[in-house]
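# Give me a 3D structure for the following:
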Amino acid sequence: MKTMQKIESPDLSEKVYCELRNMILEGELVPGEKLKQELLAQKLGISRTPLVTAFSKLEKEMLVELLPRRGARIRALTSKELLDLYDIRIMLEPIGAGGVAKNATSEDIQVLRGLLDSYKKLVNSNDDKSIRKADYEFHLAIARMSRNEPVYRIISAFNIVFISNQRGLLKPAQNSYIEHAAIVDAIAEHDEMKASNLMRDHLTDSKHRLLYKLEEKM
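Numbers count the residues shown, from 1 in each chain. As a prediction, the model looks like this:
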């Protein structure tokens, strides 16, 4: 685990929460890993109290599992939980995409095209970790631009859950890039229905690939 800079007040527990969340996103903390409070407190330059508060908040986002009298660990999801979360994404993210298509500013579209360009540069890199993170940032940007706070909060947490529990890619990066580009084009055209449907198709295909992958392991 790399050395962290000391976190200062105010809002200490919130900063600890954000730091731990980012460590999960970056793969520094992996599913099933026991969270050693003493080590984390030392690395972050804090007491254990804000850690406990951060653990509780992360538990609500399905990122941490609290173990009675045994501390906490990064949550490892079951196959059913992963599929159930995909169902939620399939319901919510099209709402976000439609909302962005309706209200997107020229600045919003410029940001999305920038994220699309960043993703394209990674397509042939074989850097699965960076591709997964770029995918997360793309979907998160759309959720944030929807101006729908509940959708944004849920997608922000759930997509980190997927990244932390995912090994490899569900579909070729080139496929995802093409689908992302079509979504951005629909948003730029302010076509709410098309953007929503394309996002739904994009995620439904990913769920089917996940299901196939899980069945192969059985």
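
# any idea how the chain splits into domains?
Annotated domains of the chain cover 12-74, 79-217 [automatic domain parsing].

# okay if I get those domains as CSV plus mean neighbour count and mean pLDDT?
For glycine as for every other residue, the C-beta is placed from the backbone atoms N, C-alpha and C. Output for the domains of the chain, formatted as CSV (neighbours: other CB atoms under 10 Å; pLDDT from 0 to 100):
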stretch, mean neighbour count, mean pLDDT
domain 12-74, 16, 88
domain 79-217, 17, 93
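
# Do a quick rundown of the helices in this structure.
12-25, 37-44, 48-60, 79-103, 106-122, 128-145, 149-165, 173-188, 192-217 (DSSP state H).

# So what does the residue sitting furthest away from the middle of the chain have for phi and psi?
Most distant residue from the mean C-alpha position of the chain: Arg69, 29.4 Å away (CA atoms, centre = their mean). Dihedral angles of Arg69 (phi, psi; degrees, to the nearest 10) stand at phi 60, psi 10.

# about what we covered before: of all the helices of the chain, which one is nearest Pro31?
Closest to Pro31 of the helices of the chain, according to CB to CB: helix 149-165, at 5.5 Å.

# Next, the angle from the closest one to helix 48-60.
Taking axes from the mean of the first three to the mean of the last three CA atoms, to 10 degrees, one finds helix 149-165 and helix 48-60 inclined to each other by 100 degrees.

# Give me the helices and strands touching helix 149-165, please.
Contact partners of helix 149-165 among helices and strands, from 3 or more CB pairs under 8 Å, 6 or more residues apart in numbering; DSSP states H and E: helix 12-25, helix 79-103, helix 128-145.

# just checking, what packs against the last one?
In this structure, helix 128-145 makes packing contacts with helix 79-103, helix 106-122, helix 149-165, helix 173-188, judged by 3+ CB pairs under 8 Å, 6+ apart.

# and those helices as CSV, adding distance to Leu63?
As requested, those are arranged in CSV below (distance: least, CB to CB, whole Å):
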stretch, distance to Leu63
helix 79-103, 12
helix 106-122, 23
helix 149-165, 6
helix 173-188, 23
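
# Which of the ones you listed sits closest to Val16?
helix 149-165 (15.9 Å).

# Contacts for the closest one next, please.
For helix 149-165, the surrounding residues in contact (CB atoms under 8 Å, 6 or more residues apart in numbering) are 21, 24-25, 27, 29-31, 61-63, 74-77, 82, 85, 88-89, 92-93, 95-96, 99, 132-133, 136, 139-140, 143-144, 146.
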